[in-house]
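Q: Attaching a predicted model along with its sequence, questions to come.
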Amino acid sequence: MQFWIIQGLNSLSLGGLLFLLSSGFSLIFGLMRLANLTHGAFFMLGTYFAATAMRAHDGLNIWVAAVGAGIAVAVIGGLFERLVLTRLKANPLGQVLVTLGMSFIISDACLMFWGGDSIPVPTPQNLQSPTRVLGFVFPTYRLVLVGCAIATAILLYFLIERTRLGAMIRAGVDDRQMARAVGIPVSNLFTLVFCLGAGIAGAGGVLGGPILSAYPGLDADMLPLALIVVILGGIGSLLGAFVGSFIVGIIYTFGTALFPELAYIILFLPMIFVIAFRPQGLFGRVGA
Amino acid sequence: MKWIGIALLAGSLLVPPLFAGDFYVNLASQILIAAIFALSLNLLVGFGGMTSLGHASYLGVAAYICALLTSRYGFGHGTAALLSIAGTTAMAAFFGLIALRASGLGFLMITLALSQVLWGLAYRMSNVTNGDNGIAGLTRPAPFGISLDSPISFYWFALIVATFAFVMMTIFVSSAFGSSMKGVRDQPRRMAALGFNPWLIRWITFVYAGFWGGVSGLLYVYYHKYIHPTSLSTTSSAEALLGVIAGGSGTLGGPAVGAALVLLLKNYVSAYLERWNMLLGLVFLFIVLVMPTGIVPGVSSLTARLRGGSR
């Protein structure tokens, strides 16, 4: 019983991390029709920033680190979007290739600066002691992480559905030309959403640090999970990213615990199933 | 003009190996292997309009099947080669069923996810694939009793296979089926209205490309006598894609030239510094931003312009 509950919590915390990664990916895809393959690298960059900052300043608060690294990664993402991606507006394939190239550059730069050894990110001290609920022991940090992901989901939902900015983003998703015609600055929205997505991924990387630690290849480990999440949930759908993240989190965690060598194959199954019966994903719209 | 080009190409492929040292002969073999791989990817990217970021799957899986069958299960090279090509083609048929439910960016993401899953499998399933250590100590086959162990004999072998592959893919592209393939790339709806089945045409192209990817994987494992999960990685797929795009996707010979350039660059850079991935990324940015149609079409349009100007 203890096994199932602990693994259940682990899968929820992985799902939370995946949501932080894939919600930005999904937002960017929804608005810009851009598969941002740099997203895994943004996540890893966040983890490395936090690992370095927390090593330099002992006892640095992880929430401060998450906000700081999130902003830093958002700035890098914004520069990339402004300097490179805007030049390729009419060339979606070129954009994907450029994001792929950028992910190689970032991951190799991380290897160059931080070396090949993994760098741990310490768990915040006040969250180190386990929480007891109904006689079961839970690692507190993971509970908090799930809470964070849910809070982010709610904030994003309000941003998209309830604010003026969100209305403009939705208009851009639905009909870019028409949105431009009624005076919505779609190009600026692109930059903003790209920064937002990159920032969430960077902050997610920081929060994932205590569980995953920063190591070369983190991006290559996370990106496919995020891809599977958005393929499952439906590309461009926030709800899809949320549900998909937890599905993948559960399958991957239990798969790794029960059949360690086949975890990757088990990830296949829901993907194949969804693609076979709902190619647009669980919550995706046809033609999105 | 065309025949002069062919004669020059044939001369450069046939004569220098007789004089060059082993290092250059080996480099030439690697270029031939990369060229087959890039040409097979070009069937998808250039002629089918399906940009795949998971083509390394076919190279890697064929190589792994062959390596496992010969080293672990004691199969002969002939049977192992047949089984690995058959297995890879079957996998392409299956992956095609999945990936072709989507098109465009969805297709790209699915192929990438599938190949990453295979890459993870090669790393994690270490009791089968030997994980990060890779499978070493493999042998080269000896077709008709001719040993391929010397660099020059392997070069001739690779050249024969590459020529055959090039001819077969050229025939494929120039056939009536090839025309319908290009039609589906450009105007899928009109092709459907004309009574063609775009899905089937794409799927056949996908499987055929997987088949030749498998052939290049077989040569790859014969050449290196070693296989490691990196041959399944995104970097490996991306190198091939860069070769295709740099050479000019949708041209017949361009991807081979592009693959050769990528391989030479990789070899020379790796000799001096370890930052190949970073350079690969930078070259991607450069090609996409500066020469989006590729080097071969870029240069030929440039020469056409110069010739037009001199008149």
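A: Looks like it arrived, so ask away. Note that the structure is predicted; figures quoted are calculated from it, not measured. Numbers count the residues shown, from 1 in each chain, chains lettered A, B, ... in the order given.
Q: Which residues of the stretch 1-150 of chain A lie near chain B?
A: A:29, A:33-35, A:37, A:84, A:87-88, A:91-94, A:96-98, A:100-105, A:107-109, A:111-112 (C-beta under 8 Å from any C-beta of the partner chain). Glycine gets a C-beta too; all of them are placed from N, C-alpha and C.
Q: Can you tell me which of these are buried?
A: Taking 16 or more other C-beta atoms under 10 Å in any protein chain shown as the criterion, what is buried in the residues of the stretch 1-150 of chain A next to chain B is A:29, A:33-35, A:37, A:84, A:88, A:92-94, A:96-98, A:100-105, A:107-109, A:111.
Q: secondary structure element for the residue nearest in space to the middle of chain B?
A: Centrality entry for chain B: nearest residue to the mean C-alpha point is residue B:37, 1.2 Å, by C-alpha atoms, centre = their mean. Per DSSP states H and E: residue B:37 is located in helix B:22-42.
Q: Kindly format the C-alpha coordinates of the helix or strand just after that helix as CSV.
A: Using DSSP H and E, the helix or strand that follows helix B:22-42 in sequence is helix B:56-71. Extracted in CSV, the C-alpha atoms of helix B:56-71 (Å, rounded to 0.1, in the frame of the first residue of the first chain):
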residue,chain,number,x,y,z
ALA,B,56,17.8,7.9,-37.1
SER,B,57,15.4,5.3,-35.8
TYR,B,58,15.8,3.3,-38.9
LEU,B,59,19.5,3.6,-39.1
GLY,B,60,19.9,2.7,-35.4
VAL,B,61,17.4,-0.1,-35.3
ALA,B,62,18.8,-1.9,-38.3
ALA,B,63,22.2,-1.5,-36.9
TYR,B,64,21.1,-2.8,-33.4
ILE,B,65,19.2,-5.8,-34.8
CYS,B,66,22.2,-6.8,-37.0
ALA,B,67,24.6,-6.3,-34.1
LEU,B,68,22.5,-8.3,-31.7
LEU,B,69,21.8,-11.1,-34.1
THR,B,70,25.4,-11.6,-35.1
SER,B,71,27.1,-11.1,-31.8
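Q: Check the average confidence over helix B:56-71, would you?
A: Averaged across helix B:56-71, pLDDT comes to 91.
Q: Quick check: the gap between residue A:163 and residue A:78.
A: Distance of residue A:163 to residue A:78, given as C-beta to C-beta, to the nearest Å: 20 Å.
Q: More neighbours: which of those two?
A: Shown here are residue A:163 and residue A:78; by other C-beta atoms under 10 Å in any protein chain shown, residue A:78 has more neighbours (17 against 11).
Q: Counting by contacts, list what the helix or strand encompassing the more buried one packs against.
A: Residue A:78 belongs to helix A:62-83 when assigned by DSSP H and E. Packing partners of helix A:62-83 (3 or more C-beta pairs under 8 Å, 6 or more residues apart in numbering or on different chains; DSSP states H and E): helix A:39-56, helix A:186-212.
Q: so can I have CSV of the ones you listed showing distance to residue B:31 and mean neighbour count?
A: Below are these laid out as CSV (distance: least, C-beta to C-beta, whole Å; neighbours: other C-beta atoms under 10 Å in any protein chain shown):
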stretch, distance to residue B:31, mean neighbour count
helix A:39-56, 30, 25
helix A:186-212, 38, 24
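Q: Out of the ones you listed, which gets nearest to residue B:27?
A: Among the helices and strands packed on helix A:62-83, helix A:39-56 comes nearest to residue B:27, with 31.4 Å by C-beta to C-beta.
Q: quick one: average pLDDT of that closest one?
A: 90.
Q: Any idea how far it is from the middle of the chain?
A: 14 Å (C-alpha atoms, centre = their mean, to the nearest Å).
Q: Let's see it as PDB, backbone CA atoms only.
A: In PDB, the C-alpha atoms belonging to helix A:39-56 read as follows (Å, rounded to 0.1, in the frame of the first residue of the first chain):
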ATOM      1  CA  HIS A  39      11.700  24.000 -24.700                       C
ATOM      2  CA  GLY A  40      13.500  21.100 -23.100                       C
ATOM      3  CA  ALA A  41      16.700  23.200 -23.200                       C
ATOM      4  CA  PHE A  42      14.900  26.100 -21.500                       C
ATOM      5  CA  PHE A  43      13.900  23.800 -18.700                       C
ATOM      6  CA  MET A  44      17.400  22.500 -18.300                       C
ATOM      7  CA  LEU A  45      18.800  26.100 -18.300                       C
ATOM      8  CA  GLY A  46      16.500  26.900 -15.400                       C
ATOM      9  CA  THR A  47      17.800  24.000 -13.400                       C
ATOM     10  CA  TYR A  48      21.400  24.900 -14.000                       C
ATOM     11  CA  PHE A  49      20.800  28.600 -13.200                       C
ATOM     12  CA  ALA A  50      19.200  27.500  -9.900                       C
ATOM     13  CA  ALA A  51      21.900  25.000  -9.100                       C
ATOM     14  CA  THR A  52      24.600  27.600  -9.600                       C
ATOM     15  CA  ALA A  53      22.800  30.400  -7.700                       C
ATOM     16  CA  MET A  54      22.000  28.100  -4.800                       C
ATOM     17  CA  ARG A  55      25.600  26.900  -4.700                       C
ATOM     18  CA  ALA A  56      27.000  30.400  -4.700                       C
END
